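Undergrad: Need the 3D shape of this:
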Amino acid sequence: MARPLSALMIEAGGHLLKDVDWVVPVPLHPWRRARRGFNQAEELARHLDVPMRRVLWRVRATAPQTALDARARRRNVEGAFNLSPFLTPRRRRQWLEGRTVVLIDDVRTTGATLDACAAVLKAAGAGEVRALTVAKADLQAVGRERSNTETTA
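TA: Numbers count the residues shown, from 1 in each chain. Sure thing, here's the model as predicted:
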């Protein structure tokens, strides 16, 4: 599904990909990546017609975010990302300093993960960080689902 979903991303968010240097997929923790066999953000990024760089590393396994509210999501991903340990100082300067990059992920809910990743990239010298996802969760619908579940359970 990566190719058709990436095509939709280009159609809806192509303006975010204009004049950028690289796309950067949101990383999975290595254990989760090994269990799943792929990183969905990386698969999407491969088909965006913009060079991809794996400059981020998830340094801490995090709990799944699906059942967490916005505050808990931010706490959950706090300190979970860093620059890749494989990124040399030379590559860091070349790939990040003053560059415009676009973070790629599958779903944006509260933006906590994207914000955490963007903070690492900005601290490393990125000039501008944008974000592009396949979908944006409807928080009001999620809240209604939770409240319906709570009242009927």
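
Undergrad: buried residues in the lengthiest helix in the chain?
TA: Using DSSP state H to define each element, the chain has its longest helix at helix 2-17. If you call a residue buried by 16 or more other C-beta atoms under 10 Å, then helix 2-17 has these buried ones: 2, 5-6, 9-10, 13, 16-17. Quick note: C-beta positions are derived from backbone N, CA and C, even for glycine.

Undergrad: burial measure for the nearest residue to residue 135 once chain neighbours are set aside, as a count.
TA: Sequence neighbours aside, residue 107 is the residue nearest to residue 135 in space, at 4.9 Å (criterion: C-beta to C-beta, 6 or more residues apart in numbering). For residue 107, the neighbour count with other C-beta atoms under 10 Å is 14.

Undergrad: Wait, a strand at residue 107?
TA: Yes: residue state for residue 107 (DSSP: H, G, I helix; E, B strand; the rest coil) corresponds to a strand.

Undergrad: Which residue ranges of this structure form strands?
TA: 22-25, 56-58, 81-83, 100-108, 128-136 (DSSP state E).

Undergrad: Off-centre distance for the last one?
TA: Between the mean C-alpha location of strand 128-136 and the chain-wide mean there is a distance of 7 Å, by C-alpha atoms, centre = their mean, to the nearest Å.

Undergrad: Which strands or helices does it pack on?
TA: Here strand 128-136 touches helix 2-17, strand 100-108, helix 112-123, going by 3 or more C-beta pairs under 8 Å, 6 or more residues apart in numbering; DSSP states H and E.

Undergrad: Looking at those, which is nearest to residue 50?
TA: When the helices and strands packed on strand 128-136 are compared by C-beta to C-beta, helix 2-17 sits nearest residue 50, at 5.5 Å.
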